[in-house]
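**Q** need the 3D shape of this:
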Amino acid sequence: MSAPATQLRLTQYAAGGGCACKVPPGELERVLAGLPAGRAGEELLVGLENGDDAAAVRIDGSRAVVVTADFFTPVVDDPYDWGRIAAANALSDVYAMGGTPLVAVNLLSWPRQKIPFDVAAEVLRGGADVCAQAETFLAGGHSVDDPEPKYGMAVTGLADPSRLLRNDAGAAGVPLTLTKPLGLGMLNNRHKATGEVFEEAVALMTTLNRDASRAALAAGAVCATDVTGFGLLGHLFKMCRASGVSAVLDPAAVPYLDGAREALAAGFVPGGSRRNLDWVRPHVAAGVGEDELVLLADAQTSGGLLVAGEVPGYPVIGELVPAGDAAIRVA
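**A** Now for the predicted structure:
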């Protein structure tokens, strides 16, 4: 770890940070439950019903358009790295559905009286570089004056409608694979509080989920989600609920970033991680202590994919089982 490269600390301009600033999952579901469904039709393959990573609409027999939007407050102080992280995170929703991103547009909120616009230019440069890496067109966007800086993208991609990765397609007897280690929320919260820079965390958050998505499809997977603001437990619970199954997690098999447990022990727990655990706790039968549960519920930013299926090169952390009294059993 090293000292921050700039005196201006973007994380100090926001109450939350990264995907930990998401609306708590329980509150969000109550709000969404009262919304009208909008236009209905067989062409809408994935909509609002299961809180999947993106919407998918069939446009012909072999193509579906996949659409998502994702943005958040600064998760790191370096503006270029924040742009890269936010772009990788937005693109991840398309990869999590088994799609290929085609075009993205920027979403920028900026406190122009507080932070110079040349800093915003660095954020946008980071997003553009990740889009270039993903071979995704970047075409304009939208910006507003806002008391808090926020950045992300709306992304449109393409997928084979017969090979979508959905969160409602899990089946009992299938292993669970996780493609990135956990602990990002803890380390990002420590960075916000102390200014310490965790280079491994930045590298992880800027790594595209493209290769993991392709590997999951090649392995024949049909069910996946990405692990972001609701933590591993939250996103796994949503998968189990949508698929009508339960899951058994082996906590010893779950990988963590170096320093994550130390950050937890030092008290750097995001409020979003605590809220995640409060929401999912009634659905978890735990054979581990509170610290382990907090880590499993840690709010991730640009986390990996959780795949129902064994994906070569990535750790298996549990399996889906027939529905039982608890949605998740942590052995």
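**Q** list the buried residues in stretch 296-313.
**A** Buried residues in stretch 296-313, counted by 16 or more other CB atoms under 10 Å: 296-311. In this view, the C-beta of every residue, glycine as well, is placed from N, C-alpha and C.
**Q** alpha carbons only: can I get it in PDB?
**A** Coordinates of each C-alpha in stretch 296-313 appear next as PDB, following Å, rounded to 0.1, in the frame of the first residue of the first chain:
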ATOM      1  CA  LEU A 296     -19.800 -12.900   3.700                       C
ATOM      2  CA  ALA A 297     -22.200  -9.900   3.600                       C
ATOM      3  CA  ASP A 298     -19.600  -7.300   2.800                       C
ATOM      4  CA  ALA A 299     -20.700  -4.800   0.100                       C
ATOM      5  CA  GLN A 300     -18.500  -5.300  -2.900                       C
ATOM      6  CA  THR A 301     -17.800  -2.800  -5.700                       C
ATOM      7  CA  SER A 302     -17.100  -4.300  -9.100                       C
ATOM      8  CA  GLY A 303     -16.900  -7.800  -7.500                       C
ATOM      9  CA  GLY A 304     -16.800 -11.100  -9.300                       C
ATOM     10  CA  LEU A 305     -19.400 -13.400 -10.700                       C
ATOM     11  CA  LEU A 306     -21.300 -16.000  -8.600                       C
ATOM     12  CA  VAL A 307     -22.000 -18.800 -11.000                       C
ATOM     13  CA  ALA A 308     -24.200 -21.900 -10.500                       C
ATOM     14  CA  GLY A 309     -21.800 -24.300 -12.100                       C
ATOM     15  CA  GLU A 310     -18.200 -25.300 -11.900                       C
ATOM     16  CA  VAL A 311     -16.000 -22.800 -13.900                       C
ATOM     17  CA  PRO A 312     -12.400 -24.000 -14.500                       C
ATOM     18  CA  GLY A 313      -9.800 -21.800 -12.900                       C
END
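**Q** check which helix or strand the residue sitting nearest the centre point of the chain maps to.
**A** Centroid-nearest residue in the chain, with CA atoms, centre = their mean: residue 228, separated by 2.6 Å. Under DSSP states H and E, no helix or strand contains residue 228.
**Q** kindly report the same for residue 143.
**A** Per DSSP H and E: strand 137-145 holds residue 143.
**Q** pull out the buried positions in that strand.
**A** So strand 137-145, judged by 16+ other CB under 10 Å, has buried residues 138, 141.
**Q** now it: how far from the chain's centre is it?
**A** Strand 137-145 sits 21 Å away from the centroid of its parent chain (CA atoms, centre = their mean, to the nearest Å).
**Q** what angle do the helix or strand following it and strand 137-145 make?
**A** For strand 137-145, the following helix or strand on the C-terminal side (DSSP H and E) is strand 150-159. Counting by axes from the mean of the first three to the mean of the last three CA atoms, to 10 degrees, strand 150-159 lies at 150 degrees to strand 137-145.
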